[in-house]
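1. the sequence and its predicted three-dimensional model are supplied below.
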Amino acid sequence: MKIQSFPPIINKDSKILILGTMPGNESLIKNEYYAHPNNHFWDIIFRCLIDDYPKFNRVQETETYQRKVELLQKNKIALWDILKYCDRKGNLDKDIRNEVENDFNAFFHENEQISFVIFNGKKAFNYFITSFKHIIENKHIRTVTLNSTSSTNHNNVFSILSEWNTEIKKALIGEY
């Protein structure tokens, strides 16, 4: 089935870009990034960016999409996916075929303030680096590849949270 990703969430203040691969089926249906209730992305982001966020709140159940977007923008974080189009049967990155990447040459030309890229999983990194390594090198953009926030990632969610928290905090204070 041919699917299309969303436009980026970005504003003129964004310094950090988080890149996934392609929205999952639930996200495509709801027209929201990371909409699957078992994806840990928003739970991790809220806990990384709000120190006293209630530990038992599930972000998917308690926060609006608008609030999620506002939190990213307030913290100078942009969000996008590597792929613009692809064929995918099911929900998994391993099932992606006939992929077409977003135009990162134009994106980084229009958004020169981006100085750090976080890849949400190895698949996102692999897609990006295959076609766009020159952008990272030419613009001296720092990168880090983190464990995927997908519910199909069987690593411990607390260690994923710790990893994301460490790297986001470093990026926010410019420690790279």
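-> Sure thing, it's come through.
2. SS state for the closest residue to Lys2 other than its chain neighbours?
-> What sits nearest to Lys2 in space, not counting adjacent residues and going by C-beta to C-beta, 6 or more residues apart in numbering, is Asp87, at 5.6 Å. Quick note: C-beta positions are derived from backbone N, CA and C, even for glycine. For Asp87, the secondary structure call by DSSP: H, G, I helix; E, B strand; the rest coil comes out as strand.
3. so Phe6 sits against Tyr34, correct?
-> No: Phe6 is beyond contact range of Tyr34, at 10.8 Å (criterion: C-beta atoms under 8 Å).
4. for Tyr34, report the pLDDT, please.
-> At Tyr34, the pLDDT value in this model is 97.
5. er, Tyr176 actually
-> Tyr176 is given a pLDDT of 64.
6. touching the worst-scoring helix or strand of the chain on mean pLDDT from outside, list them.
-> Between all helices and strands in the chain, the lowest mean by mean pLDDT, DSSP states H and E belongs to helix 59-62, at a mean of 88. With contacts defined as C-beta atoms under 8 Å, 6 or more residues apart in numbering, helix 59-62 is touched by 35, 37, 42-43, 45-46, 68.
7. now do stretch 106-116
-> By C-beta under 8 Å, 6+ apart, stretch 106-116 touches 8, 10, 12-17, 78, 80, 135, 139, 141-144, 171, 176.
8. any quick PyMOL command for the buried ones out of these?
-> To isolate the buried members of the contacts of stretch 106-116 in PyMOL, using 16 or more other C-beta atoms under 10 Å:
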select buried, resi 8+10+14+15+16+17+78+80+135+143+144+171
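9. of the contacts of stretch 106-116, which belong to strands?
-> Residues from the contacts of stretch 106-116 lying in strands, with DSSP state E as the criterion: 16-17, 78, 80, 142-144.
10. ok, these vs Glu26, which is closest?
-> Trp80 (18.0 Å; C-beta to C-beta).
11. ok, which stretches of the chain are strands?
-> 2-4, 16-20, 77-81, 83-88, 96-101, 116-120, 142-146.
12. sheet partners, orientation included, of the fifth one?
-> Yep, that's strand 96-101 we're talking about. Applying DSSP bridges, strand 96-101 is found paired with strand 83-88 (antiparallel).
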